[in-house]
Structures are given as C-alpha cells and as structure tokens.
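Undergrad: coordinates for the following, if possible.
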Amino acid sequence: MKTPLIAFALTCAFVSTFSVQAQDTATPPNGQAMHGQRRPPDPQERAERLGKHLQLNAQQQAQVATILQAQQQKIRDLRAGGAKGQDRRDQARAIMEDGDRQIQSVLTDSQRQRYLAMKERAIEKRQEKQGTPEPSSPMPDSGH
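TA: Modelled structure (predicted):
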C-alpha cells in the first residue's frame, strides 16, 4: 500500500515542479507576456553598449539612455493601446525613427558615422538571419 502512495506523491511533486519551472520560463522578468518574442533590451544596457562602441562621454551616454527609455515607454504604450496591424507598425516605426534622430543629434560627426555603420551591419545580420533573399538576378538564357 505504501508503494502506490509514494509513487503518487512523487508524481505530484514532479508535476508541480515542472509547472512552476514552465511558468518561470514563460513569463519575462517584467511580468508581461511576450507572445513568442524575447524581452526587449534594457535601455540602460543599450546605452552602455553604445557608449562603449561609440566612445560616448558620460553626458552623451546619459542622454542616449534617456532617449532609449522614453522610446521603450512609447512602444509599451502603443502595445497597450488599441492600434493593430499596419497602423501599429507604422506608429512603432515612427517612434523608432524619432528616437534614432534624437540619438544622432547627441553624437559627434565621427560617432554618427560609426553609429550608422553599426545600424547597417545590424540590418544585414537581421536579413541574413531571417533568410531575406538577395535581389534576384535574371536567369541565363537557355538558348531555346
């Protein structure tokens, strides 16, 4: 009689442990469901990375961090609002472009050039990762 009871208890313990672990991995630290997406990067961490790569001074890095935090909050507000589909994408793109312009206004000319080069590399990497096809070249004529 003890064997089935022990097996049942172990099964319950396993199931409850697995459920808790699944919930922990499904919910990001900020508590918002991500619907198959990863957690957005922390604005402060992004500002620090940009500061390192672009050699920003402390004031520039603080300004960039403020811009990125405001940008992230606007995106959160957009997601919480009622906009859907193309309208939401257009609004998000406008928010991102505005933040990008603000960041560029904080940079010196040489920093801006490095920033634009970084953005270009990121776009290329994203396209490679997504498998975006290269512009197709015409097929050679088979002679028929």
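
Undergrad: contacts, neighbours, all on C-alpha from now
TA: Will do.

Undergrad: surely R88 is in contact with L78?
TA: Yes. Between R88 and L78 a contact is recorded at 7.2 Å, counting by CA atoms under 8 Å.

Undergrad: ok, residues contacting stretch 60-67?
TA: 43-44, 46-48, 50-51, 99, 102-103, 106-107 (CA atoms under 8 Å, 6 or more residues apart in numbering).

Undergrad: got the buried residues for it?
TA: Judged by neighbour count using 16 or more other CA atoms under 10 Å, the buried positions of stretch 60-67 are 60-62, 64-67.

Undergrad: of those, closest to A117?
TA: V64 (17.5 Å; CA to CA).

Undergrad: which residue, other than its chain neighbours, is closest to Q44?
TA: A65 (5.4 Å; CA to CA, 6 or more residues apart in numbering).

Undergrad: R121 versus that neighbour, what's the distance?
TA: 22 Å (CA to CA, to the nearest Å).

Undergrad: can you check R46 too?
TA: 16 Å.

Undergrad: neighbour-wise, which of these two wins?
TA: Legend: neighbour count by other CA atoms under 10 Å for R46 and R121, higher for R46 (16 against 12).
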